[in-house]
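Trainee: curious how this folds, go ahead:
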Amino acid sequence: MVMRETGVEREQRIRHQELVNEMSARIDRLPVSWFTYRVCILAGLAFIAEAFDIGLTGSTLVPMAKIWHITHAQMGLLGIASTLGIVVALIPSGMLVDHFGRKIVMIAGVIIQCIFTMAAALSNGVMMVVLMRFIAGLGQGAVFPTPVAYISEYAPPATRGSFVSLVLALLYFTYPLPPFVSSLIVKSYPAALSWKIMFLTGGVPLLFVLPMVIWLPESVRWMAKKGHIEKAKSTLNRIEEEVSRYLRKPLPEYVVDDLPFNSDKSPWWVAFSEQYLKRTIFLDIMYSGTFVFWYVLLIYGPTFSVREGLSMASALRFNAYLFMACAVGGLIMGFLADKIGRKMMIAAYALLGSLGLILFVFYHSPAAIWITGAMIGGFGLGVFPVCKVYISEQYPTEIRGRGVFSCEAVSRFVGGVLFMYYVSYLMNIISVGAIYIMMAIGFFVMTGIVIMLFGNETKSLSIDHVSSHHPVLVPATRQDPMSEGWTGPEYRPQT
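Mentor: Now for the predicted structure:
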């Protein structure tokens, strides 16, 4: 039996939604200030912790393979262990993020991944390392998508892509650190000790936890949606006072738009419900293409380079170069995506990254390697910032955690688990060049072509507007859906 609202309950719900809409408008009108940068830097610390941990996997594979003579199946397990943990944790973490908040889940994830990464150094066999990496991956599953969703809820609409790209640049500049540090470690220590030292360095990001606890505010949009109105008001008042003092002038006026009421009592599978299924499938295909490209280069890049004749240290340094190019390309992409648009830039980067990888297969001069490496890193790996912010824009605040984490789970399973596991077998069936060409074609088709065919443009739109409907529409009236005589929603295009 369907329970109808009482008049009092209806009035309370309408008033709640009006307060949520007001706070959304107040946040969107905030100019860029030190508060914006501080929030991005603090959330970016979680990305740094995650990046350092993930980067260790590819760096430790080579010395572990040398001392333990691991089989192809064991190498496949080592390559996917942390990613499998991420996939398993993502959907539950999305539910936790929507229920308990962005901040607490993100910090807990950092602590878990650091502790179990260090614990891997105490392992006395391959399967113990696999287990520790899997549990560390569970922590990473709570970290991966949260900073982007969090920053998207605070960044000004016109510069949302730029700020997410700025934070992800911290992530990408961190990815070269494990290969670079590892190249020094393998030169200084025997293989039996070097991999242990690498895992112990994974505990360094624990130093980031205290600043995040002290100075990172919870998402005001999330608090308002969950009904913590007084706490949301108090937090937003402090933010507005800080921004006004920083700018030394009053804040600009804000205009409250009518946004539809959405319940936050949706099930964990809400991203696959009828309302969101089409956009979720599209996003899963687009994102899976990027993860195939990403994970093979991140995890197996050094191994491939060693097979092609590079020394272990040189292979690690080349992978570090790819991710330095990735950071630069991602920064540029974020700025251009705010000016030109998400769709066009994602498609262009997919094309140029795929082309760079194919050229890398056929041209081997030193100059060609550096140029194609810049294309692979700058475009192919650098596409991630805007892909991440684009996905976070597709789901409303009350289910953003479940929506974003569901996409991450499916895409990482396809690109980071299924494809990655069989790469170790493909290495003995086809050449490295053939694997790279497969990756390039899959990346261009799944990411570049798919987004041009099915994607909607989201630049400069409020995150609450763009995520409410597909295509972007907002209600024209305040008419209550539960009232007498209501015949259906009327919408006007968002301007």
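Trainee: okay, and G227 sits in which element?
Mentor: Following DSSP states H and E, there is no helix or strand that holds G227.
Trainee: what's the burial count for it?
Mentor: 14 (other CB atoms under 10 Å). Where C-beta positions appear, they are placed from N, C-alpha and C, glycine not excepted.
Trainee: ok, now which ones touch Q140?
Mentor: Neighbour list for Q140: E50, D53, I54, S82, G85, I86, A89, G109, Q113 [criterion: CB atoms under 8 Å, 6 or more residues apart in numbering].
Trainee: is the third one in contact with Y172, as I believe?
Mentor: No. The pair I54 and Y172 does not pass the contact test of CB atoms under 8 Å, sitting 11.4 Å apart.
Trainee: out of the contacts of Q140, the closest to R160 would be?
Mentor: Distances from R160 to the contacts of Q140, taken as CB to CB, are shortest for E50 (20.7 Å).
Trainee: stretch 63-83 - what's its average pLDDT?
Mentor: Stretch 63-83 comes out with an average pLDDT of 83.
Trainee: in that stretch, what counts as buried?
Mentor: 63-66, 68, 70, 74-83 (16 or more other CB atoms under 10 Å).
Trainee: just after the strand or helix carrying E230, pick out the following helix or strand.
Mentor: Per DSSP H and E: E230 is located in helix 229-247. Beyond helix 229-247 on the C-terminal side, the first helix or strand identified by DSSP H and E is helix 277-295.
Trainee: for that following helix, packing partners?
Mentor: Helices and strands touching helix 277-295, by 3 or more CB pairs under 8 Å, 6 or more residues apart in numbering; DSSP states H and E, are helix 342-362, helix 384-392, helix 400-412, helix 419-426, helix 432-443, helix 450-454.
Trainee: tell me the SS of Y154?
Mentor: Following DSSP: H, G, I helix; E, B strand; the rest coil, Y154 is assigned to coil.
Trainee: now it. Nearest residue, chain neighbours left out?
Mentor: V39 (5.3 Å; CB to CB, 6 or more residues apart in numbering).
Trainee: quick one, phi/psi of the one you found?
Mentor: Main-chain torsions, V39, degrees, to the nearest 10: phi -60, psi -40.
Trainee: contact partners for it?
Mentor: V39 neighbours (CB under 8 Å, 6+ apart): Y150, I151, Y154, L216, P217.
Trainee: circling back: with respect to L316, which of the contacts of Q140 is nearest?
Mentor: Closest to L316, out of all of these and judged by CB to CB, is I54, at 14.6 Å.
Trainee: tell me the mean pLDDT over stretch 34-50?
Mentor: Rounded mean pLDDT across stretch 34-50 is 90.
Trainee: pLDDT weak spots in the stretch 151-300 of the chain?
Mentor: Along the stretch 151-300 of the chain, segments meeting pLDDT under 70 span 176, 179, 258-266, 268.
Trainee: mind running it again at 50?
Mentor: Within the stretch 151-300 of the chain, not a single segment meets pLDDT under 50.
Trainee: kindly report the same for the stretch 351-495 of the chain.
Mentor: Applying pLDDT under 50 to the stretch 351-495 of the chain flags residues 469-495.
Trainee: next up, the contacts around the residue most central in space within the chain.
Mentor: Compute the mean C-alpha point of the chain, and by CA atoms, centre = their mean the closest residue is P145, 4.0 Å away. By CB under 8 Å, 6+ apart, P145 lies in contact with L90, G94, K388, I391, S392, G401, V404, F405, E408.
Trainee: if you set the cut-off to 7 Å instead, what comes out?
Mentor: Neighbour list for P145: V404, F405, E408 [criterion: CB atoms under 7 Å, 6 or more residues apart in numbering].
Trainee: closest to L297 out of the residues you listed?
Mentor: Nearest member of those to L297, counting by CB to CB, is E408, at 18.6 Å.
Trainee: T57 versus that closest one, what's the distance?
Mentor: Counting by CB to CB, to the nearest Å, the gap from E408 to T57 is 18 Å.
Trainee: and these two? which has more neighbours close in?
Mentor: Remark: of E408 and T57, E408 carries more neighbours, 28 against 24, as counted by other CB under 10 Å.
Trainee: isn't the more buried one up against T146?
Mentor: No. In terms of CB atoms under 7 Å, E408 does not count as a neighbour of T146; the distance is 10.0 Å.
Trainee: of the contacts of Q140, closest to G161?
Mentor: E50 (20.4 Å).
Trainee: give the burial count for the closest one, as a bare number.
Mentor: Neighbours of E50 (other CB under 10 Å): 27.
Trainee: quick one: it and G141, what's the gap?
Mentor: 10 Å.
Trainee: what do you get for Y422?
Mentor: 22 Å.
Trainee: just to revisit the earlier point, what's the closest of the contacts of P145 to L357?
Mentor: E408 (23.4 Å).
Trainee: contacts only, for that closest one.
Mentor: So E408 contacts L90, F144, P145 (CB under 7 Å, 6+ apart).
Trainee: how does it look with 8 Å?
Mentor: I86, L90, F144, P145, Y287.
Trainee: ok, now V404?
Mentor: Applying CB under 8 Å, 6+ apart, the residues contacting V404 are G94, P145, V148, A149, I391, S392, Y395.
Trainee: how about CSV for these, with secondary structure added?
Mentor: Listed next are the contacts of V404 as CSV, based on three-state DSSP:
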residue, secondary structure
G94, helix
P145, coil
V148, helix
A149, helix
I391, helix
S392, helix
Y395, coil
